[in-house]
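1. sequence plus predicted model, see below.
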Amino acid sequence: MSVLGVMRPFVDEDILLNNVELYVDEDLGGQCVGVRLAFSEKYLFIYAEGLDDSICISESFPAALSGGAIRGALMPVEWASAIGRPILWAWTMTNTQGRLDGLQIEFGTVDHPSITLQIVVRASTLVLRMLESDVMGFR
């Protein structure tokens with residue numbers, strides 16, 4: 001199933017984000033290799049596919065995050081503002097080689113400021129960004 005296909009029920013069901021957990025690889029200097037988005041009774045795991053640096057998503061814990069040097073870490077403080085909000089929509093990004101290497105997820109409601117979380121694969125790790133917007137656009 002496609003990345004957006006896996007995410008569609010989370011958007012359609014309007015369920016709220018409860019928690020974010022990062023997975024870091026100590027062998028890569030503590031760089032992020034996975035993200036777990038926790039919703040009520042459901043999870044989304046987002047991680048980098050090491051063979052071609054594409055982004056993968058799963059509702060169950062992926063084997064790619066079970067290596068010996070990989071451990072869970074706290075969520076980035078700036079992502080806390082997405083907690084308690086539903087997913088409005090999501091976009092994927094494809095690089096010039098045709099590989100899916102990015103995902104952008106917007107949390108919020110259409111009449112209130114939203115939080116956009118951007119996850120991009122770089123060298124088998126995840127680069128995480130957050131964008132805040134007001135009702136009129138990004139700040």
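-> Structure received.

2. residues contacting the closest residue to E26 other than its chain neighbours?
-> Spatial nearest neighbour of E26, chain neighbours left out: A69 (4.3 Å); criterion: C-beta to C-beta, 6 or more residues apart in numbering. No exception for glycine: its C-beta is placed from N, CA and C like everyone else's. Counting by C-beta atoms under 8 Å, 6 or more residues apart in numbering, A69 makes contact with D25, E26, D27, L28.

3. in helices only, show me those.
-> Nothing among those maps onto helices, per DSSP state H.

4. those: which two are farthest apart?
-> E26 and L28 (7.5 Å; C-beta to C-beta).

5. low-confidence stretches in the chain?
-> 133-139 (pLDDT under 70).

6. strands along that one, start to end?
-> 17-25, 31-39, 42-49, 54-58, 70-73, 87-94, 100-107, 114-122, 125-134, 137-138 (DSSP state E).

7. make CSV from those strands and add distance to P9 to it.
-> Below are these laid out as CSV (distance: least, C-beta to C-beta, whole Å):
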stretch, distance to P9
strand 17-25, 14
strand 31-39, 10
strand 42-49, 8
strand 54-58, 12
strand 70-73, 25
strand 87-94, 10
strand 100-107, 14
strand 114-122, 18
strand 125-134, 23
strand 137-138, 27
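
8. so which of the ones you listed comes closest to G5?
-> strand 54-58 (9.2 Å).

9. partners of the closest one, with directions?
-> Sheet pairing for strand 54-58, assigned by DSSP bridges, gives strand 42-49 (antiparallel).

10. by how many degrees do the partner strand and strand 31-39 diverge?
-> Counting by axes from the mean of the first three to the mean of the last three C-alpha atoms, to 10 degrees, strand 42-49 lies at 160 degrees to strand 31-39.

11. in strand 42-49, what's buried?
-> Y43, L44, F45, I46, Y47, A48, E49 (16 or more other C-beta atoms under 10 Å).

12. pick the one among those residues closest to V3.
-> The closest of these, once distances to V3 are taken by C-beta to C-beta, is I46, at 8.5 Å.
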